[in-house]
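Q: I'd like to go over a predicted model; first the sequence, then the structure.
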Amino acid sequence: MKNIIVTTPKSEMQNAAKEAKKCIEDGAGYYFRSVSKMPKDIVIGESKIYYIEDGYIRGYGVIIGISNGNGQKCSVGDKTWKGPYFIWMPACTWKWIKPIPMKGFQGFRYFNDKDVKVVGEWKDAKPVIHD
């Protein structure tokens, strides 16, 4: 089984916060990420997708499905994301971790999460970075 890691571009950070807020207000919801190639060795319901935001790995969600298609519209923004693959995770599986410094990148990479420390659940506030 493998986990993957992706970067939230600075231009999408506000939309990501709006998505999280909407899911919390609704008491449920899903997040998705578009990728250009199919990750290997993903175990649905067990593998995680970690997110880098603003130079730190901030948290993860559990992957519950991978679909393909030409586009997926975000529920809080006007943007339609192009595929061909979409990785899905329920908002309630989100875990905040002790932030880990990491430079962002495009696409996805595989990630070994042996040193990750969970510090919060999906409805908790985003952990503050202490430099």
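A: Thanks, I have the structure now. Worth saying up front: this structure is predicted, and the values here are computed from it rather than measured.
Q: which residue is the nearest non-sequential neighbour of Ile87?
A: Arg33 (4.9 Å; Cβ to Cβ, 6 or more residues apart in numbering). To be clear about C-beta, it is placed using only N, CA and C from the backbone, and glycine gets the same treatment.
Q: that neighbour reaches Phe86, doesn't it?
A: Yes. Counting by Cβ atoms under 8 Å, Arg33 touches Phe86, with 7.2 Å between them.
Q: for the residue nearest to Ile87, helix, strand, or coil?
A: When classified by DSSP: H, G, I helix; E, B strand; the rest coil, Arg33 comes out as strand.
Q: burial measure for it, as a count.
A: Arg33 has 20 neighbouring residues, counting by other Cβ atoms under 10 Å.
Q: what's near enough to touch it?
A: Shown in contact with Arg33 (Cβ atoms under 8 Å, 6 or more residues apart in numbering): 6, 49, 86-87, 108.
Q: could I get those residues as TSV with distance to Asn70, pLDDT and secondary structure?
A: Shown next, in TSV, are these (distance: Cβ to Cβ, whole Å; pLDDT from 0 to 100; DSSP: H, G, I helix; E, B strand; the rest coil):
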residue	distance to Asn70	pLDDT	secondary structure
Val6	20	98	strand
Ile49	21	98	strand
Phe86	10	94	strand
Ile87	16	96	strand
Phe108	20	97	strand
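Q: could those residues be laid out in CSV, adding distance to Ile97 and neighbour count?
A: Shown next, in CSV, are the contacts of Arg33 (distance: Cβ to Cβ, whole Å; neighbours: other Cβ atoms under 10 Å):
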residue, distance to Ile97, neighbour count
Val6, 15, 21
Ile49, 13, 25
Phe86, 23, 18
Ile87, 18, 23
Phe108, 17, 18
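Q: which of these lies closest to Lys117?
A: Ile49 (17.8 Å; Cβ to Cβ).
Q: and the helix-or-strand element of the chain with minimal mean pLDDT, which strands flank it?
A: When the helices and strands of the chain are scored by mean pLDDT, DSSP states H and E, strand 72-73 comes last with a mean of 74. Strand pairing for strand 72-73, using DSSP bridges, gives strand 80-81 (antiparallel).
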